[in-house]
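S.K.: what's the 3D shape of this:
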Amino acid sequence: MKKIAMLAAAVLLLSGQAAADDSTGCGVGSMIFDGKSGILPQILAVTTNGSTGNQTFGISSGTLGCDSNGTISSSAKMGMFTGENMESLALDMSRGEGEALETVALLMEIADEDRAAFYTLTKDNFARIYSSADVTAGEVLANLRQVMAEDEAFKSYAI
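M.R.: As a prediction, the model looks like this:
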């Protein structure tokens with residue numbers, strides 16, 4: 001399951017996703033599976049978008065649900081980074097320090113003055129964030145956001 005999530009994230013990022021309200025980006029696949037929820041429709045939408053190469057056309061022409069003025073969302077960057085760095089991020093969170101954890105703080109736009117407390121928060125809640133041996137990148141991010149949402153100092157970052 002972890003490999004499928006990483007593949008979906010890679011296809012999403014490499015296919016030139018424009019900003020979107022969901023995690024599938026724009027393109028024919030997103031239009032076909034519009035309104036469907038769950039991991040399978042998202043994977044199928046992303047795979048269709050990536051394998052047909054239609055997002056580039058959609059972005060440049062402003063069609064297929066794409067916005068030619070869009071930007072890549074920070075949540076897409078977070079998903080991709082987390083998926084590619086699960087082990088190093090786990091190690092860093094368990095210690096409350098390290099490059100992967102610093103990168104997450106940057107991607108989440110944690111203010112410099114809040115970073116030390118953020119690192120401690122991830123260390124103190126490591127077992128909740130990495131809730132099982134086979135946790136996915138998406139689950140790690142959801143768990144992290146939940147932990148942050150429950151903390152008065154970090155709930156504004158958990159959006």
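
S.K.: Please list the residues outside the helix or strand hosting residue 138 that contact it.
M.R.: Residue 138 is part of helix 137-149 when elements are defined by DSSP states H and E. Helix 137-149 has contacts (C-beta atoms under 8 Å, 6 or more residues apart in numbering) with 2, 5-6, 9, 78-79, 82-83, 86, 89, 104, 121-122, 125, 128-131, 135, 154-155, 157-158. Every residue, glycine included, has its C-beta placed from N, CA and C.

S.K.: Now, of the residues you listed, which are buried?
M.R.: 5-6, 9, 78-79, 82-83, 86, 89, 104, 121-122, 125, 129-130, 135, 154, 157 (16 or more other C-beta atoms under 10 Å).

S.K.: Skip the chain neighbours and tell me the closest residue to residue 95.
M.R.: Nearest residue to residue 95 in three dimensions, chain neighbours excluded: residue 123, at 6.7 Å (C-beta to C-beta, 6 or more residues apart in numbering).

S.K.: Mind listing residues that contact whatever helix or strand that neighbour lives in?
M.R.: According to DSSP H and E, residue 123 maps onto helix 115-124. Helix 115-124 is contacted from outside by 92-97, 101-102, 105, 110, 129, 144, 147-148, 151, 153-154, 157, using C-beta under 8 Å, 6+ apart.

S.K.: Can I get that helix as CSV, trimmed to CA atoms?
M.R.: This file holds the C-alpha atoms of helix 115-124, laid out as CSV (Å, rounded to 0.1, in the frame of the first residue of the first chain):
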residue,chain,number,x,y,z
ARG,A,115,10.4,25.4,15.4
ALA,A,116,12.1,24.1,18.6
ALA,A,117,8.6,23.6,20.1
PHE,A,118,7.5,21.9,16.9
TYR,A,119,10.4,19.5,17.0
THR,A,120,9.6,18.7,20.6
LEU,A,121,5.9,18.2,19.7
THR,A,122,6.8,15.6,17.1
LYS,A,123,9.1,13.8,19.4
ASP,A,124,6.6,13.7,22.3
